[in-house]
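Colleague: Pasting a predicted model and its sequence here:
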Amino acid sequence: MLIRVVVGSGGSKNNPEWLHTEEHVLSLLEIEDWDKIFAIESVDAILAEHVWEHLTYEEGIQAAKICFKYLRSGGYIRCAVPDGLFPDDAYQNIVKIGGPGPKDHPAASHKIVHTFHTICTMFEEAGYFVQLLEYCDEKGKFHYNDWDETKGFIYRSKRFDHRNKDGRLGFVSLIIDAKKPNL
């Protein structure tokens with residue numbers, strides 16, 4: 001049986017056959033939470049859509065290392081975060097550190113705005129091989145590598161976000177697959 005986990009699901013049921021969790025039950029930074037639910041090297045996949053930006057860079061590495069311990073060899077994390085290189089001022093205002101406005105806005109707890117450089121380096125430091133799926137480069141050019149949504153559906157993506165229409169990107173995510181090497 002596959003064990004696939006959505007962390008910080010926020011009530012989303014976009015991946016119905018996955019185990020959906022929230023931070024109060026499964027914190028990315030509390031190994032005790034993971035020990036209560038999973039055996040070491042038992043998880044096949046972890047999906048985190050707009051979660052890792054709520055961690056500092058150092059916390060992101062720590063969380064990736066905890067996940068690494070519970071992923072089986074060849075398992076992966078599909079991670080989507082706001083893209084710090086997407087060339088849209090309104091988007092950047094929404095995703096910026098601390099968010100755009102009131103403290104109850106979801107972006108108010110953003111601690112980092114990743115670029116493909118920072119997210120790749122962070123997961124590589126934790127031992128993963130990283131594949132970029134969607135991202136903007138330093139010139140703001142959007143890059144897309146085909147990915148299978150059945151291996152972790154990301155709504156805030158080129159193909160699925162309702163704000164992307166008529167060939168115009170209204171909202172993108174920086175999306176990666178971070179794979180644990182076959183050991």
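Modeller: Arrived safely.

Colleague: For the nearest residue to residue 54 once chain neighbours are set aside, give me phi and psi.
Modeller: Distances taken as Cβ to Cβ, 6 or more residues apart in numbering place residue 109 nearest to residue 54, at 5.1 Å, with adjacent residues excluded. For the C-beta atoms, the positions are set from N, CA and C on the backbone; glycine is no exception. Taking degrees, to the nearest 10, you get phi -100, psi 10 for the backbone angles of residue 109.

Colleague: got it, and residue 28?
Modeller: Dihedral angles (degrees, to the nearest 10) for residue 28: phi -60, psi -20.

Colleague: Can you name the residues that contact residue 154?
Modeller: By Cβ atoms under 8 Å, 6 or more residues apart in numbering, the contact list for residue 154 reads 47, 49, 78, 80, 160, 173, 175.

Colleague: Mind listing residues that contact the strand or helix carrying the third one?
Modeller: To tie it back to what came earlier, the one meant is residue 78. Using DSSP states H and E, residue 78 maps to strand 71-81. Strand 71-81 is contacted from outside by 41-53, 64, 67, 114, 119, 123, 128, 133-134, 151-152, 154, 156-157, 173-183, using Cβ under 8 Å, 6+ apart.

Colleague: which SS state does residue 155 fall under?
Modeller: Classification of residue 155 by DSSP: H, G, I helix; E, B strand; the rest coil places it in coil.

Colleague: which residue packs closest to the spatially most central residue of the chain, ignoring adjacent ones?
Modeller: Central residue check for the chain by Cα atoms, centre = their mean: the C-alpha nearest the mean position is that of residue 79, 2.4 Å away. In this structure, residue 79 finds its nearest non-sequential neighbour in residue 48, 4.8 Å apart by Cβ to Cβ, 6+ apart.

Colleague: pretty sure that neighbour contacts residue 8?
Modeller: Yes: taking contacts as Cβ atoms under 8 Å, residue 48 lies within contact range of residue 8: 6.4 Å.

Colleague: Neighbour count: those two, which is higher?
Modeller: Between residue 48 and residue 8, residue 48 has the larger neighbour count (other Cβ atoms under 10 Å), namely 26 against 19.

Colleague: Could you give the backbone dihedrals for the more buried one?
Modeller: Taking degrees, to the nearest 10 as the convention, residue 48 sits at phi -130, psi 100.

Colleague: Residue 181 too?
Modeller: According to degrees, to the nearest 10, residue 181 has phi -60, psi 150.

Colleague: Check the spacing between it and residue 109 real quick.
Modeller: 32 Å (Cβ to Cβ, to the nearest Å).
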